[in-house]
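K.L.:
Fold the stuff below for me.
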Amino acid sequence: MTCGPYPDIDGTDSMDLYTSRLTKGQEIFTLRSYYPALPVYILAQNVSIPSVALEYPTYEEFVEELKKGYDYVGINFNTIFFDNTYRMCKAVKQFSPRTKIILGGYGVTCLREEFQEEKELLSMADYVCHGEGVRFVRDLLGEPLDGEIRQEFPSSYIYSMGEKIPFDNVISALGCRGACEFCCTSAFYDYKKVRLVDPAGLWKSIKEKLLKNDCRFVWIYDEDFFADADYVREMAELIRKDKEIPPEKVRWAGFGSIRSISQYEVEELAEMGVSAIWIGVESKFSELPKRKGRDVKDVFDSLRKAGIQTVGSFIIGWDFQTDENIVEDIDYFVGLKPTYTQVSSLMPCPETRLWERLKKENKLYTEGFRWSKHHLYSIMHRHTSIKDGDVLKYVNLTQEKLYHENGPSILGTFEVNLEGYVHCMESKNERIRAQASMYGDWCRKIFPALFAVGAYSPSPGVKKLVKTLQARYIKEFGAPSFLSLLKSGLFFCYAAILKLRTFLPHRFKKRKAKRYTRRYSYNGAE
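P.N.:
I've put the predicted structure just below:
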């Protein structure tokens with residue numbers, strides 16, 4: 001991956017998924033997270049020669065590593081890190097001129113443009129991987145292409161109110177056949193799905209990760225995992241027949257669309273252990289094919305009732321969004337009550353059909369453009385119906401409404417787990433009933449934080465929701481224990497300190513997130 005420094009975007013740490021996107025704008029209840037750079041690890045693990053995975057290095061650490069004299073250096077980058085990548089390639093030429101440079105990742109899509117030093121960067125690269133990387137590197141090294149693909153990653157973490165929640169990741173497939181006009185993932189893989197593992201191999205990997213003592217769930221990377229119903233159901237059958245892991249331990253999440261999810265009954269999803277689904281809503285008025293199927297609100301409501309969390313994504317800047325209908329669109333999304341959200345501007349990416357259309361319409365802002373400004377909250381094209389300057393205003397309005405009407409994601413997570421517990425207790429399905437203990441454990445873990453959420457709630461409506469959920473909890477589990485009440489006090493004090501820091505920013509200097517370089521060696525590398 002690219003070396004630091006890593007930029008802040010819209011005042012948040014760009015490398016933190018939960019801070020910069022999924023819980024953005026939730027004040028003291030904004031969560032932090034760590035995600036490993038999956039491409040770096042999967043490439044290093046799946047070649048036979050000695051290799052090193054270097055994650056979050058400083059420039060100086062990268063240079064010291066280079067001086068060891070590698071045959072190849074692979075740099076996976078996104079467009080926003082163009083300048084970092086350019087600097088790294090310069091360093092390779094200076095400090096290890098015999099080392100061959102391989103560029104990969106979505107960032108290579110910018111190499112066909114002419115905004116800054118794209119041609120010079122391309123000239124420094126010996127190889128450019130446009131697509132799936134493992135087979136590309138194996139082919140380059142003359143190794144068998146279709147061997148098993150190892151997927152052993154460092155644990156990911158979500159940090160919430162002083163708690164550290166570990167989980168793991170696995171890649172099922174790359175690319176997407178959905179072919180949304182704006183989607184870089186679809187375009188990058190030529191609107192195809194590149195499968196990395198069969199259902200048996202996927203379940204084997206998930207099971208190994210879940211059986212680790214500290215793994216709470218596994219996130220499956222596949223842009224529309226639920227689209228291939230035969231594949232999913234084959235894995236579900238393997239899960240059902242596996243006696244080595246209890247149903248309450250089987251927890252996994254993935255990406256889905258309304259169209260793909262509509263192929264399943266919610267009971268079927270609950271039985272196979274689905275804990276969360278990321279769903280692209282994008283807009284109430286969108287006619288994207290992926291939104292066809294069941295009623296969108298019905299999907300979100302039924303998933304919540306079954307104890308399945310949702311990540312909803314929403315986009316501001318469509319041609320059909322106007323000042324007259326944008327608030328209706330925002331209110332529709334808020335009313336879905338997604339557990340977590342990603343709200344962004346419509347960002348055109350190179351090679352997508354949106355990019356090509358805007359270029360043809362002469363709407364791209366190219367003069368003085370730098371790739372460091374290419375991110376989810378940037379304005380890089382002329383909008384049709386909304387003023388460019390109002391796009392981020394509406395993005396912020398959406399996040400404010402989500403927070404003030406639905407409350408922070410920690411509250412939504414509690415509600416989903418409480419719904420899941422009730423659903424399991426009432427279910428006649430043996431595997432679903434067995435999950436009740438897991439949901440109960442999560443309810444007990446989160447309940448102490450509700451006092452702080454109520455005390456510092458962003459609105460009277462949220463405060464009322466907290467009281468309702470507290471009453472429902474007591475009905476199901478009885479009065480909270482002394483230990484639970486003690487934790488409530490500790491959470492309240494912790495929240496008070498966080499709140500104090502927001503009122504006295506001059507006394508509490510905001511610290512930039514500190515990143516620690518991770519270095520892993522494979523196949524005998526030192």
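
K.L.:
got a list of what the residue nearest to W278 when sequence neighbours are not counted touches?
P.N.:
Spatially, and ignoring its direct neighbours in sequence, W278 is nearest to V311 (4.0 Å; CB to CB, 6 or more residues apart in numbering). Every residue, glycine included, has its C-beta placed from N, CA and C. Contacts of V311 were listed using CB atoms under 8 Å, 6 or more residues apart in numbering, and they are 22, 276-279, 338-342.

K.L.:
Would you list the phi and psi of R251?
P.N.:
Phi and psi for R251, reported as degrees, to the nearest 10, are phi -140, psi 120.

K.L.:
Specify the beta-bridge partners of the residue nearest to W278.
P.N.:
W278, Y340 (DSSP bridges).

K.L.:
Residues touching stretch 265-273, excluding its own?
P.N.:
By CB under 8 Å, 6+ apart, stretch 265-273 touches 232, 235-236, 239-240, 247, 250-252, 261, 277, 302-303, 305-308, 423, 427, 429, 431-432, 435.

K.L.:
Just these: which are in helices?
P.N.:
Of the contacts of stretch 265-273, the ones assigned to helices by DSSP state H are 232, 235-236, 239-240, 261, 302-303, 305, 423, 431-432.

K.L.:
Using PyMOL, make a named selection holding only the buried ones among the residues you listed.
P.N.:
In PyMOL, a selection of the buried entries from these looks like this (16 or more other CB atoms under 10 Å):
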select buried, resi 232+235+236+239+261+302+303+423+431+432
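
K.L.:
tell me what the helix or strand harbouring G440 is packed against?
P.N.:
Using DSSP states H and E, G440 sits within helix 436-446. Contact here means 3 or more CB pairs under 8 Å, 6 or more residues apart in numbering; DSSP states H and E; on that basis helix 436-446 packs against helix 409-426, helix 460-477.

K.L.:
let's go with 10 Å and repeat that
P.N.:
strand 163-171, helix 409-426, helix 460-477, helix 482-503 (3 or more CB pairs under 10 Å, 6 or more residues apart in numbering; DSSP states H and E).

K.L.:
And the helix or strand just after the first one, what does it pack against?
P.N.:
If I follow you right, that is strand 163-171. Following strand 163-171 in sequence order, the next helix or strand is strand 173-174 (DSSP H and E). Judged by 3+ CB pairs under 10 Å, 6+ apart, the packing partners of strand 173-174 are strand 194-195, strand 218-221.

K.L.:
switch the cut-off to 8 Å
P.N.:
By 3+ CB pairs under 8 Å, 6+ apart, strand 173-174 packs against strand 194-195.

K.L.:
mind listing what the strand it packs on pairs with, with the direction of each?
P.N.:
Counting by DSSP bridges, the strands paired with strand 194-195 are strand 173-174 (antiparallel).

K.L.:
Could you tell me how far the strand it pairs with lies from the centre of the chain?
P.N.:
Offset of strand 173-174 from its chain centre (CA atoms, centre = their mean, to the nearest Å): 15 Å.

K.L.:
Contacts for that strand next, please.
P.N.:
131-132, 185, 189, 193-196, 221-223, 225.

K.L.:
buried subset of those?
P.N.:
Members of the contacts of strand 173-174 classed as buried by 16+ other CB under 10 Å are 132, 185, 189, 193, 196, 221-223, 225.

K.L.:
Flag every buried residue along the helix holding G440.
P.N.:
436, 438-440, 442-446.

K.L.:
okay, and for the stretch 401-526 of the chain, where does confidence drop off?
P.N.:
504-514, 525-526 (pLDDT under 70).

K.L.:
Low-confidence ranges, this protein, go.
P.N.:
For the chain, residues meeting the criterion pLDDT under 70 lie at 504-514, 525-526.

K.L.:
F167 pairs with what?
P.N.:
S156.

K.L.:
ok, now how distant is it from G280?
P.N.:
According to CB to CB, to the nearest Å, F167 and G280 sit 22 Å apart.

K.L.:
hang on, the earlier thing: need the helices and strands packed on helix 436-446 in CSV (columns: distance to L202).
P.N.:
CSV is the format used below for the helices and strands packed on helix 436-446 (distance: least, CB to CB, whole Å):
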stretch, distance to L202
strand 163-171, 7
helix 409-426, 24
helix 460-477, 34
helix 482-503, 37
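
K.L.:
May I ask which helix or strand encompasses V281?
P.N.:
strand 274-282.

K.L.:
residues in contact with that strand?
P.N.:
Outside strand 274-282, the residues that reach it (CB under 8 Å, 6+ apart) are 180, 217, 219, 226, 251-258, 261, 269, 288, 290-291, 296, 299-300, 303, 308-315, 318, 333, 336, 338-339.

K.L.:
mind listing what D83 touches?
P.N.:
Per CB under 8 Å, 6+ apart, neighbours of D83: 370-372.

K.L.:
Following the chain onward from the helix or strand it falls within, which element is next?
P.N.:
Per DSSP H and E, D83 falls inside helix 82-95. Per DSSP H and E, the first helix or strand lying C-terminal to helix 82-95 is strand 100-104.

K.L.:
Now that next one: buried residues?
P.N.:
101-104.

K.L.:
returning to what we had before: if you compare the helices and strands packed on helix 436-446, which one is most tucked away?
P.N.:
helix 409-426 (a mean of 21; mean count of other CB atoms under 10 Å).

K.L.:
the domain parsing of this protein - what is it?
P.N.:
15-35+37-148, 150-411, 412-503 (automatic domain parsing).

K.L.:
Tell me which of the ones you listed lies nearest to D8.
P.N.:
domain 15-35+37-148 (8.4 Å; CB to CB).

K.L.:
Look at that closest one and report the distance between its end residues.
P.N.:
End-to-end distance of domain 15-35+37-148 (CA to CA, to the nearest Å): 30 Å.

K.L.:
just stretch 56-72 next, same as before
P.N.:
Start-to-end, stretch 56-72 (CA to CA) is 19 Å.

K.L.:
And the contacts of it?
P.N.:
1, 3-4, 6, 15, 37, 49, 52, 54, 73, 87-88, 91-92, 95-96, 98-102, 140, 515-519, 526.

K.L.:
please redo it, this time with the cut-off set to 6 Å
P.N.:
Here stretch 56-72 makes contact (CB atoms under 6 Å, 6 or more residues apart in numbering) with 3-4, 91, 95-96, 99-100, 102, 515, 517.

K.L.:
can you check stretch 484-504 too?
P.N.:
28, 161-162, 448-449, 451-452, 456, 508.

K.L.:
again, only this time at 10 Å
P.N.:
With contact meaning CB atoms under 10 Å, 6 or more residues apart in numbering, stretch 484-504 is reached by 27-30, 161-163, 444-456, 473, 477, 479-481, 507-510.

K.L.:
now those: which count as buried?
P.N.:
28-30, 161, 444-454, 456, 473, 477, 480.

K.L.:
if we can go back for a sec, and the buried residues of helix 436-446 as JSON lines, adding distance to F136?
P.N.:
Below are the buried residues of helix 436-446 laid out as JSON lines (distance: CB to CB, whole Å):
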{"residue": "A436", "distance to F136": "46"}
{"residue": "M438", "distance to F136": "40"}
{"residue": "Y439", "distance to F136": "43"}
{"residue": "G440", "distance to F136": "47"}
{"residue": "W442", "distance to F136": "41"}
{"residue": "C443", "distance to F136": "46"}
{"residue": "R444", "distance to F136": "47"}
{"residue": "K445", "distance to F136": "43"}
{"residue": "I446", "distance to F136": "43"}
